[in-house]
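Colleague: Okay, sequence plus prediction incoming.
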Amino acid sequence: MATVPMRSVTVIGLSSDLQRRGETVATHALLLQDDLQRRFHLPIGPCEALGIKLALENELIKRPITHDLILSVLTQLKAEVEHVLIEPAGKRWRARVSVRTPSGSYMIEASHGDAIALALRANAAILATEEVITGEPDFQS
């Protein structure tokens, strides 16, 4: 089985109304940059955008949101987020969260927005395949 090349990526910021060919294709998007300084956008939903915004600004709210809850559960179970991998899944993107526990490591599938929000809270690496960095998903599906 061949390994898929992955690059480390960093979240640069959030934007609204991602445009492609003069048309709005997503109401929220992440701006990311890989370790070669290439920038690219990934569309995300409004809930993920809020979770990422709060994590980027180190802002805590009175009631933990879902990403905080997940990290809290993992911490209580002595588990740790090792990294998040963003990769193609048909015409869209998906993420897999690598979690290490005392009993072994697991890959858990998630939406890329949720996985990135969790990685930011856990200070875990965010990785993306070359196809994600240079490609364009089908934003309409």
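Modeller: It's in. Residues are numbered from 1 along each chain as shown.
Colleague: Scan the protein for its longest strand.
Modeller: strand 6-20 (DSSP state E).
Colleague: now Leu118, what's its secondary structure?
Modeller: helix (DSSP: H, G, I helix; E, B strand; the rest coil).
Colleague: Mind telling me what element the residue nearest to it when sequence neighbours are not counted is part of?
Modeller: Using C-beta to C-beta, 6 or more residues apart in numbering and skipping residues adjacent in sequence, the residue nearest Leu118 is His67, 5.2 Å away. The C-beta positions use only the backbone N, C-alpha and C, and glycine is treated the same way. Using DSSP states H and E, His67 sits within helix 66-76.
Colleague: The next helix or strand after that helix: which residues count as buried?
Modeller: Following helix 66-76 in sequence order, the next helix or strand is strand 80-89 (DSSP H and E). Residues Glu80, Val81, Glu82, His83, Val84, Leu85, Ile86, Glu87 are the ones in strand 80-89 that count as buried (16 or more other C-beta atoms under 10 Å).
Colleague: now for strand 80-89, which elements pack on it?
Modeller: Secondary-structure packing of strand 80-89 (3 or more C-beta pairs under 8 Å, 6 or more residues apart in numbering; DSSP states H and E): helix 66-76, strand 92-101, helix 112-122, strand 125-129, helix 130-134.
Colleague: in the second one, what's buried?
Modeller: What that stands for is strand 92-101. Of the residues in strand 92-101, Trp93, Arg94, Ala95, Arg96, Val97, Ser98, Val99 count as buried by neighbour count, 16+ other C-beta under 10 Å.
Colleague: Mind putting the residues you listed into a markdown table with pLDDT and distance to Ala115?
Modeller: What follows is those, written out as a markdown table (pLDDT from 0 to 100; distance: C-beta to C-beta, whole Å):
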| residue | pLDDT | distance to Ala115 |
| --- | --- | --- |
| Trp93 | 87 | 10 |
| Arg94 | 90 | 9 |
| Ala95 | 96 | 3 |
| Arg96 | 97 | 8 |
| Val97 | 98 | 5 |
| Ser98 | 98 | 10 |
| Val99 | 98 | 11 |
